[in-house]
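Undergrad: Would you be able to build a 3D model of this:
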Amino acid sequence: MAEKTEELLAELEVETVFRIGGIGISESVVVSWVLMAALMLLVFIFTRNLKVHNISKRQAALETFVNFIQNLTSGFVGKEGGSFVPYLSTVLIFIGFANIAGVFGFKPPTKDVNVTASLAIMSIILIEAASIRRKGPVGFLKSFAHPTPVMVPINLMELVTRPLSLCMRLFGNVLGAFVIMKLVEILLFPLGLPPIFGLYFDFFDGFIQAYIFVFLTGQFIREAVEIH
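TA: This next block holds a predicted model:
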């Protein structure tokens, strides 16, 4: 058991793979690069030779997948936030595959709080920029007093709590799921439980956490573009 505990702790560490000009490049960054390269390669492969008529089964499957993702994310942001659907769709796909990277022998990048923090900060900057663009600088400042000036301190605190919530929710849930699956592996696999059962939890929890992150981001965008 002690050996398994040490193995688990080693899995939780974020290792520095190499350095560029004294700047350490962590394993989570490298895996993110590999994941993005793989997704771009898949996009290139599946979008070749697209047709308007007499489409292939590959194109039909691709269009079905894209429509599903776009319909899902568009429901989060509403009509006013339609321009953010491509961003949310991309984030949904990236986080979904990042969360299940462990199935392919990689450490999920989302186990690194720096990765989840980067995703959260990027989303919050986009949300606040959307609010300023929609309401104008004056309207943006006035929104902090909605629905009453008493709410100004609380609304200002949301500028910090929102990215913190997105970051820690994703990081905590992914890390928690990883720890639980490792404990299941330690306690039950020796008793004969096939490892294939762990794949269900890897995929199910991984995509659920991606859905939750994008859902919350979409709700924040919906609130940002609403005119009070």
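
Undergrad: Please make it C-alpha for all contacts and neighbour counts, starting now.
TA: Noted.

Undergrad: Isn't Thr116 up against Asn173?
TA: No. The criterion here is CA atoms under 8 Å, and Thr116 misses it with Asn173 at 11.1 Å.

Undergrad: if you count what's nearby, which of the two comes out ahead?
TA: Thr116 (24 against 17; other CA atoms under 10 Å).

Undergrad: Ile69 versus the more buried one, what's the distance?
TA: When distance is defined by CA to CA, to the nearest Å, Thr116 is 21 Å away from Ile69.

Undergrad: average pLDDT for whatever helix or strand Leu41 lives in?
TA: Take DSSP states H and E as the rule and Leu41 turns out to sit in helix 27-46. For helix 27-46, the mean pLDDT works out to 90.

Undergrad: same question, stretch 122-131
TA: On average, stretch 122-131 scores 86.

Undergrad: how about Gly21, phi and psi?
TA: In terms of degrees, to the nearest 10, the main-chain angles of Gly21 are phi 60, psi 40.

Undergrad: tally of neighbours for it?
TA: A count of nearby residues for Gly21, using other CA under 10 Å, gives 5.

Undergrad: Could you do Thr148 as well?
TA: 9.

Undergrad: Mind telling me what element the residue nearest the centre of the chain is part of?
TA: Residue closest to the average C-alpha location in the chain (CA atoms, centre = their mean): Ile95, at 3.5 Å. Per DSSP H and E: Ile95 is located in helix 85-99.

Undergrad: distance between the next helix or strand after that helix and the chain's centre?
TA: Later in the chain than helix 85-99, the nearest helix or strand by DSSP H and E is helix 113-142. Offset of helix 113-142 from its chain centre (CA atoms, centre = their mean, to the nearest Å): 16 Å.

Undergrad: got it, and stretch 158-171?
TA: 12 Å.

Undergrad: May I see the buried residues of that stretch?
TA: Across stretch 158-171, burial judged by 16 or more other CA atoms under 10 Å covers 162-167, 169-171.

Undergrad: Just want the angle from the helix of greatest length in the chain to helix 113-142.
TA: What stands out as the longest helix in the chain, according to DSSP state H, is helix 152-187. Angular relation of helix 152-187 and helix 113-142 on a 0 to 180 degree scale: 160 degrees, by axes from the mean of the first three to the mean of the last three CA atoms, to 10 degrees.

Undergrad: Quick one: mean pLDDT for helix 152-187?
TA: Here helix 152-187 scores 77 as its mean pLDDT.

Undergrad: cool, and stretch 90-110?
TA: Here the average pLDDT along stretch 90-110 is 86.

Undergrad: From the structure, what's the count of residues near Val85?
TA: Neighbours of Val85 under the rule other CA under 10 Å: 21.
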